[in-house]
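*Asks:* Here's a sequence, model it:
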Amino acid sequence: MKQFTLIIILLLTVCSCKNDANEADGDIAYLGGEIINPNTGFVILYKSESVIDTIKLDGRNRFLHKIKNLEAGIYTFKHGGEFQMVLLEPNDSLLFRLNTLDFDESLVYTGIGAKKNNYFINDFLENEKIEKKIYKYCQLNVPEYINKLDSLKYAKTKKLNAFKKKYPTSDLFNEIAETNNKYTFYFSKEVYPIWHHSKNKHDFLKSLPKDFYNYRKDIDYNSELLKDNIVYNTFLKSNFSNLALQKHFEHSNGDSFRRMSLCYNIDRLSLIDSLVKNNYIKDDLLYHFTVSYLARSDNYDNNNTILNSFLSKSKNEKGKEMMTQFTKSLNNLREGSDFPNIKLVNYNNSEIDITSVIESPTVVSFWSHTFYNHFKESHYKIKNLKKKYPEIKFIAINIDDYGLEKSKSSLKNNRFSCNDQYYFKNPKESIEVLAIHPMTKTIIVDKDKKIVNSNTNMFSNKFEEQLLGLINR
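*Replies:* Have a look, this model is predicted:
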């Protein structure tokens, strides 16, 4: 009933606003809704790299925004660290409701333009399930794998055709939806050799049918329409990873494949630079693969080589500045270095230096409300590790800039202790100094406050082995 009342109120507001619209506004659309458990007091609306507006939530965590001179296409709205795409066309009056604790799964649209966007969010969630199936199917032989892909492709095509038969759709919706299906299928082809459990990737690639990648001649690496499309961007990442694998074997004499091979990662950046002309798409891909490599690397010479390759290819000055700082921070966190003396705040609201709480072998982990599942899973993991390794201190730091009560409430609501829990006094500065990416990043420090490993992961199979090494130092 509460949700129904919200819909009625907002729709009446939209209708009222529409009556006041004038021709000088050009094509218009309305976007509004309600955020449950908001992480910030606003929603940011983007069109590609440009911010359309920062929209404040009212006292009931609702908002309504009029978009003037609308350019029909894919937009992105962001709240906290989460984002999702939305298709907006002239005269849309679109409302959504979401819960930040279950962002994508809770997202539901109402109003004019709702059906097409509900189709896209459901397709997005379905693709997440399909990806898990694809990982399992990748262990099949080629004929069996192709049969599985054909079945998935048929099911998606049938679903889209049923939707188009039931509801009137625009040419723009049709183009995006059909392209999504196409690139989902292409993605499945690209990940096959990478996800297959074969030890010899070189021979496996050579064994694929000659027509297996025939569709590549039709790939548009510079699509203005799709440059903000999640399906398209996911495909591009898998495509360049696979192309780089093939190029890598051309000059590596069939050596075994390692994802962290410097040669392979340089090849991938070079391929992006040669095939993608659209600077927005190119910069996004270059940034993604460079930061992904750096976040897993423990070779500081290789870090600088990858950075220089990135800097020579990217045109995004802000991205280049951020990547340079990220690399510098990683190199400052090398094994044997002193742990940076970051300012923390405990849950008694007292400010302390992090080095004052490192008096024994210590594991430092991080969490954010944006990654809510990781927040819960990491705390359950820490609870178990504390029992197994009482000699080691485990501290967890909230990286958000939401204040004491928000994170304290999250801990208490999930029945997690506030002991050895902190948040950053200066989140932005601290995240930069500690190079916190990805959120699973975990740092191991010895009793002398020296870094043992600045780039590990508590969910890694090798993590407990690393803890035993810490104890025995």
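
*Asks:* Tell me where the model's unsure across the stretch 151-300 of the chain.
*Replies:* 253-256 (pLDDT under 70).

*Asks:* how about the helices of it, start to end?
*Replies:* Assignment of helices within the stretch 151-300 of the chain using DSSP state H, counting those that start in this stretch yields the ranges 171-195, 201-207, 230-251, 262-275, 279-296, 300-313.

*Asks:* TSV for the ones you listed, including distance to residue 144 and mean neighbour count?
*Replies:* The way it works is simple: take the backbone N, C-alpha and C, and place the C-beta from them, glycine included. Shown next, in TSV, are the helices of the stretch 151-300 of the chain (distance: least, C-beta to C-beta, whole Å; neighbours: other C-beta atoms under 10 Å):
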stretch	distance to residue 144	mean neighbour count
helix 171-195	12	19
helix 201-207	14	16
helix 230-251	20	19
helix 262-275	28	19
helix 279-296	31	20
helix 300-313	37	17
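
*Asks:* For residue 201, which residues are in contact?
*Replies:* Applying C-beta atoms under 8 Å, 6 or more residues apart in numbering, we find residue 201 in contact with 193, 194, 245, 249, 256, 257.

*Asks:* Distance of it relative to residue 140?
*Replies:* The gap separating residue 201 from residue 140 is 17 Å, by C-beta to C-beta, to the nearest Å.

*Asks:* Likewise for residue 226?
*Replies:* Using C-beta to C-beta, we find residue 226 at a distance of 30 Å from residue 140.

*Asks:* Those two: which is more packed in?
*Replies:* residue 226 (22 against 14; other C-beta atoms under 10 Å).

*Asks:* How about the contacts made by the more buried one?
*Replies:* By C-beta under 8 Å, 6+ apart, the neighbours of residue 226 are 74, 176, 179, 220, 232.

*Asks:* Kindly report the same for residue 243.
*Replies:* So residue 243 contacts 268, 271 (C-beta under 8 Å, 6+ apart).

*Asks:* hmm, back to that, how about the contacts of residue 201 in a markdown table, adding distance to residue 169?
*Replies:* Converted to a markdown table, the contacts of residue 201 look like this (distance: C-beta to C-beta, whole Å):
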| residue | distance to residue 169 |
| --- | --- |
| 193 | 36 |
| 194 | 35 |
| 245 | 38 |
| 249 | 44 |
| 256 | 48 |
| 257 | 43 |
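
*Asks:* closest to residue 438 among these?
*Replies:* Among the contacts of residue 201, residue 194 lies closest to residue 438 (C-beta to C-beta), at 19.3 Å.

*Asks:* I'd guessed that closest one sits against residue 245; true?
*Replies:* Yes - here residue 194 reaches residue 245: they are 6.6 Å apart, a contact under C-beta atoms under 8 Å.

*Asks:* picking that back up, out of the helices of the stretch 151-300 of the chain, which comes closest to residue 36?
*Replies:* Here helix 230-251 is closest among those (C-beta to C-beta), at 22.7 Å.

*Asks:* tilt between the closest one and helix 279-296?
*Replies:* For helix 230-251 against helix 279-296, the angle by axes from the mean of the first three to the mean of the last three C-alpha atoms, to 10 degrees is 70 degrees.

*Asks:* quick check: angle from helix 230-251 to helix 171-195?
*Replies:* 30 degrees.

*Asks:* Show me the strands in the stretch 51-200 of the chain, by range?
*Replies:* For the stretch 51-200 of the chain, the strands defined by DSSP state E, counting those that start in this stretch cover 62-67, 73-79, 82-88, 93-99, 108-112.

*Asks:* which SSE is residue 452 in?
*Replies:* Using DSSP states H and E, residue 452 falls within strand 451-457.

*Asks:* Does anything pack onto that strand? Which helices or strands?
*Replies:* strand 441-445, helix 463-471 (3 or more C-beta pairs under 8 Å, 6 or more residues apart in numbering; DSSP states H and E).

*Asks:* Okay, now the sheet partners of the first one, with direction.
*Replies:* As defined by DSSP bridges, the strand partners of strand 441-445 come to strand 362-367 (antiparallel), strand 451-457 (antiparallel).

*Asks:* Okay, angle between the longest one and helix 463-471 too, please.
*Replies:* For strand 451-457 against helix 463-471, the angle between stretch directions is 170 degrees (the same axes, to 10 degrees).

*Asks:* which residues touch strand 451-457?
*Replies:* Identification of contacts with strand 451-457 by C-beta under 8 Å, 6+ apart yields 295-298, 330, 333-339, 435, 440-446, 462-463, 466, 469-470, 473.

*Asks:* Any quick ChimeraX command for the buried ones out of the residues you listed?
*Replies:* Paste this into ChimeraX to select the buried members of the contacts of strand 451-457, with burial taken from 16 or more other C-beta atoms under 10 Å:
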select :295,297,330,333,339,435,440,441,442,443,444,445,446,463,466,470
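
*Asks:* how about the helices in the stretch 1-150 of the chain?
*Replies:* Listed in chain order, the helices of the stretch 1-150 of the chain (DSSP H, counting those that start in this stretch) span 2-19, 103-106, 114-137, 142-166.

*Asks:* Now the residue nearest the centre of the chain: closest residue in space that isn't a chain neighbour?
*Replies:* Centrality entry for the chain: nearest residue to the mean C-alpha point is residue 82, 8.3 Å, by C-alpha atoms, centre = their mean. Nearest non-adjacent residue to residue 82, counting by C-beta to C-beta, 6 or more residues apart in numbering: residue 103, 4.5 Å away.

*Asks:* Surely the one you found touches residue 84?
*Replies:* Yes - using C-beta under 8 Å, residue 103 is in contact with residue 84, at 7.4 Å.

*Asks:* Give me the mean pLDDT for stretch 30-41.
*Replies:* Per-residue pLDDT values across stretch 30-41 average out to 93.

*Asks:* Same check on stretch 126-134?
*Replies:* In this model, stretch 126-134 carries a mean pLDDT of 93.

*Asks:* Show me which positions of it end up buried.
*Replies:* Neighbour count says stretch 126-134 has 127, 130, 134 buried, by 16+ other C-beta under 10 Å.

*Asks:* Give me the phi and psi angles of residue 346.
*Replies:* phi -90, psi -180 (degrees, to the nearest 10).

*Asks:* Was I right to think residue 386 contacts residue 395?
*Replies:* No - taking contacts as C-beta under 8 Å, residue 386 lies outside contact range of residue 395: 10.9 Å.
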